[in-house]
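**Q** The amino acid sequence is not available; the structure is as follows:
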(Lines give C-alpha, C1' and ligand atoms only; values in the text may rest on other atoms or scores of the structure.)
Protein backbone atom coordinates (compact mmCIF):
# COMPACT_ATOMS: atom_id res chain seq x y z
CA UNK A 1 0.00 0.00 0.00
CA UNK A 2 1.32 3.43 -0.96
CA UNK A 3 1.57 6.14 1.69
CA UNK A 4 -1.07 8.26 -0.02
CA UNK A 5 -3.44 5.26 -0.14
CA UNK A 6 -2.88 4.84 3.60
CA UNK A 7 -3.85 8.48 4.18
CA UNK A 8 -6.97 8.07 2.04
CA UNK A 9 -7.95 5.04 4.13
CA UNK A 10 -7.28 6.85 7.41
CA UNK A 11 -9.32 9.92 6.46
CA UNK A 12 -12.07 7.56 5.33
CA UNK A 13 -12.15 6.12 8.83
CA UNK A 14 -12.67 9.62 10.24
CA UNK A 15 -15.66 9.96 7.91
CA UNK A 16 -17.10 6.65 9.16
CA UNK A 17 -16.76 7.75 12.78
CA UNK A 18 -18.31 11.18 12.14
CA UNK A 19 -21.25 9.49 10.42
CA UNK A 20 -21.70 7.16 13.41
CA UNK A 21 -21.63 10.05 15.89
CA UNK A 22 -24.22 12.01 13.92
CA UNK A 23 -26.50 9.11 13.03
CA UNK A 24 -29.86 9.70 14.71
CA UNK A 25 -28.51 12.50 16.90
CA UNK A 26 -31.19 14.90 18.09
CA UNK A 27 -30.53 18.63 18.53
CA UNK A 28 -30.64 18.06 22.30
CA UNK A 29 -28.01 15.34 22.10
CA UNK A 30 -25.79 17.49 19.88
CA UNK A 31 -26.02 20.37 22.40
CA UNK A 32 -25.54 18.22 25.52
CA UNK A 33 -22.75 19.25 27.90
CA UNK A 34 -21.69 17.00 30.80
CA UNK A 35 -20.79 20.25 32.59
CA UNK A 36 -20.87 23.97 31.75
CA UNK A 37 -17.33 24.01 30.37
CA UNK A 38 -17.50 20.79 28.32
CA UNK A 39 -17.48 20.62 24.55
CA UNK A 40 -20.68 19.56 22.81
CA UNK A 41 -20.93 16.97 20.06
CA UNK A 42 -21.99 19.75 17.68
CA UNK A 43 -18.96 21.89 18.51
CA UNK A 44 -16.56 18.92 18.30
CA UNK A 45 -17.79 17.86 14.85
CA UNK A 46 -17.88 21.48 13.61
CA UNK A 47 -14.36 22.10 14.97
CA UNK A 48 -12.77 18.96 13.54
CA UNK A 49 -14.33 19.79 10.19
CA UNK A 50 -13.20 23.41 10.31
CA UNK A 51 -9.62 22.35 11.10
CA UNK A 52 -9.59 19.81 8.28
CA UNK A 53 -11.11 22.34 5.87
CA UNK A 54 -8.73 25.12 6.90
CA UNK A 55 -5.53 23.08 6.89
CA UNK A 56 -6.16 20.93 3.82
CA UNK A 57 -7.39 23.83 1.68
CA UNK A 58 -4.26 25.73 2.69
CA UNK A 59 -1.88 23.01 1.51
CA UNK A 60 -4.03 22.32 -1.57
CA UNK A 61 -4.08 25.99 -2.53
CA UNK A 62 -7.88 26.05 -2.72
CA UNK A 63 -10.62 28.09 -1.09
CA UNK A 64 -12.10 26.58 2.04
CA UNK A 65 -15.34 24.67 1.60
CA UNK A 66 -16.64 26.78 4.52
CA UNK A 67 -16.76 29.86 2.31
CA UNK A 68 -16.75 28.43 -1.22
CA UNK A 69 -19.85 26.30 -0.67
CA UNK A 70 -21.69 28.76 1.57
CA UNK A 71 -21.46 26.79 4.80
CA UNK A 72 -20.47 29.90 6.75
CA UNK A 73 -23.84 31.46 5.90
CA UNK A 74 -25.80 28.28 6.62
CA UNK A 75 -24.26 27.91 10.06
CA UNK A 76 -24.61 31.66 10.83
CA UNK A 77 -22.27 31.46 13.82
CA UNK A 78 -21.22 34.52 15.82
CA UNK A 79 -17.54 34.16 14.87
CA UNK A 80 -15.28 35.57 12.22
CA UNK A 81 -15.23 33.72 8.92
CA UNK A 82 -11.76 32.27 9.64
CA UNK A 83 -12.64 30.87 13.10
CA UNK A 84 -11.89 27.18 13.53
CA UNK A 85 -12.61 26.82 17.23
CA UNK A 86 -9.06 27.06 18.56
CA UNK A 87 -9.15 28.94 21.84
CA UNK A 88 -12.93 29.06 22.07
CA UNK A 89 -14.40 29.87 25.46
CA UNK A 90 -17.15 27.78 27.03
CA UNK A 91 -19.69 30.37 25.87
CA UNK A 92 -18.39 30.20 22.30
CA UNK A 93 -18.56 26.40 22.36
CA UNK A 94 -22.17 26.63 23.50
CA UNK A 95 -23.05 28.98 20.66
CA UNK A 96 -22.40 26.30 18.04
CA UNK A 97 -25.93 25.07 17.49
CA UNK A 98 -26.47 22.88 14.46
CA UNK A 99 -28.53 19.88 13.58
CA UNK A 100 -27.04 16.61 12.41
CA UNK A 101 -27.87 17.25 8.75
CA UNK A 102 -26.05 20.59 8.73
CA UNK A 103 -22.98 19.14 10.44
CA UNK A 104 -23.04 16.08 8.16
CA UNK A 105 -23.35 18.19 5.02
CA UNK A 106 -20.40 20.40 5.88
CA UNK A 107 -18.28 17.43 6.93
CA UNK A 108 -19.12 15.46 3.77
CA UNK A 109 -18.24 18.41 1.52
CA UNK A 110 -14.97 18.93 3.37
CA UNK A 111 -14.18 15.22 3.29
CA UNK A 112 -14.82 15.14 -0.48
CA UNK A 113 -12.43 18.06 -0.99
CA UNK A 114 -9.83 16.32 1.17
CA UNK A 115 -10.19 13.08 -0.80
CA UNK A 116 -9.83 14.95 -4.09
CA UNK A 117 -6.60 16.49 -2.83
CA UNK A 118 -5.22 13.25 -1.38
CA UNK A 119 -6.00 11.26 -4.51
CA UNK A 120 -3.99 13.74 -6.57
CA UNK A 121 -0.99 13.66 -4.22
CA UNK A 122 2.14 11.63 -4.80
CA UNK A 123 4.63 10.22 -2.33
CA UNK A 124 7.09 12.94 -3.37
CA UNK A 125 4.51 15.62 -2.57
CA UNK A 126 4.49 14.52 1.06
CA UNK A 127 8.05 15.85 1.49
CA UNK A 128 7.09 19.36 0.32
CA UNK A 129 7.54 21.97 3.06
CA UNK A 130 4.21 23.68 3.71
CA UNK A 131 4.98 25.72 6.85
CA UNK A 132 8.32 27.29 7.70
CA UNK A 133 7.04 28.87 10.93
CA UNK A 134 8.08 25.73 12.84
CA UNK A 135 11.49 24.24 13.59
CA UNK A 136 11.82 21.91 11.83
CA UNK A 137 9.63 23.17 8.99
CA UNK A 138 6.41 21.22 8.50
CA UNK A 139 6.06 18.99 5.45
CA UNK A 140 2.80 18.12 3.72
CA UNK A 141 2.96 14.59 5.14
CA UNK A 142 3.41 15.86 8.70
CA UNK A 143 0.56 18.38 8.28
CA UNK A 144 -1.81 15.72 6.95
CA UNK A 145 -0.99 13.37 9.84
CA UNK A 146 -1.43 16.25 12.31
CA UNK A 147 -4.91 17.00 10.94
CA UNK A 148 -5.75 13.31 11.00
CA UNK A 149 -4.66 13.00 14.64
CA UNK A 150 -6.73 16.06 15.59
CA UNK A 151 -9.78 14.71 13.75
CA UNK A 152 -9.53 11.29 15.38
CA UNK A 153 -9.11 12.78 18.83
CA UNK A 154 -12.15 15.02 18.44
CA UNK A 155 -14.43 12.43 16.87
CA UNK A 156 -13.53 10.12 19.75
CA UNK A 157 -14.43 12.87 22.20
CA UNK A 158 -17.71 13.43 20.34
CA UNK A 159 -18.52 9.72 20.61
CA UNK A 160 -17.79 9.83 24.33
CA UNK A 161 -20.01 12.89 24.90
CA UNK A 162 -22.73 11.24 22.81
CA UNK A 163 -22.53 8.21 25.11
CA UNK A 164 -22.85 10.44 28.18
CA UNK A 165 -25.83 12.18 26.60
CA UNK A 166 -27.50 8.83 25.93
CA UNK A 167 -26.93 7.84 29.57
CA UNK A 168 -28.57 11.14 30.55
CA UNK A 169 -31.65 10.07 28.60
CA UNK A 170 -31.16 12.01 25.36
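**A** Sure, I can see it. As the structure is a prediction and not an experimental result, all values here were calculated from the model.
**Q** what's the average pLDDT for the helix or strand containing residue 118?
**A** Applying DSSP states H and E as the criterion places residue 118 in helix 100-120. Mean pLDDT, computed over helix 100-120, is 97.
**Q** Going by contacts, tell me the helices and strands next to that helix.
**A** Here helix 100-120 touches helix 3-22, helix 41-60, helix 65-68, helix 71-75, going by 3 or more Cβ pairs under 8 Å, 6 or more residues apart in numbering; DSSP states H and E. C-beta: built from backbone N, CA, C; applies to glycine.
**Q** Checking my notes, residue 62 in a strand, right?
**A** No: when DSSP: H, G, I helix; E, B strand; the rest coil is applied, residue 62 is found to be coil, with no strand at that position.
**Q** Run a quick neighbour tally on the nearest residue to it once chain neighbours are set aside.
**A** Residue nearest to residue 62 in three dimensions, not counting chain neighbours: residue 113, with 7.0 Å by Cβ to Cβ, 6 or more residues apart in numbering. Residues near residue 113, counting by other Cβ atoms under 10 Å, number 21.
**Q** repeat for residue 144
**A** Neighbourhood size, residue 144 [other Cβ under 10 Å]: 26.
**Q** go on, residue 47?
**A** 23.
**Q** Output the contacting helices and strands for the longest helix along the chain.
**A** Ranked by number of residues, the top helix in the chain under DSSP state H is helix 140-167. For helix 140-167, the elements it packs on are helix 3-22, helix 27-31, helix 41-60, strand 129-131, judged by 3+ Cβ pairs under 8 Å, 6+ apart.
**Q** Just tell me which of the helices and strands packed on helix 100-120 ends up closest to residue 32.
**A** Nearest to residue 32 among the helices and strands packed on helix 100-120 is helix 41-60; the distance by Cβ to Cβ comes to 6.9 Å.
**Q** same question for the closest one, mean pLDDT?
**A** 98.
**Q** Numbering from 50 from now on, please.
**A** Will do, 50 is the new start, and the previous item becomes helix 90-109.
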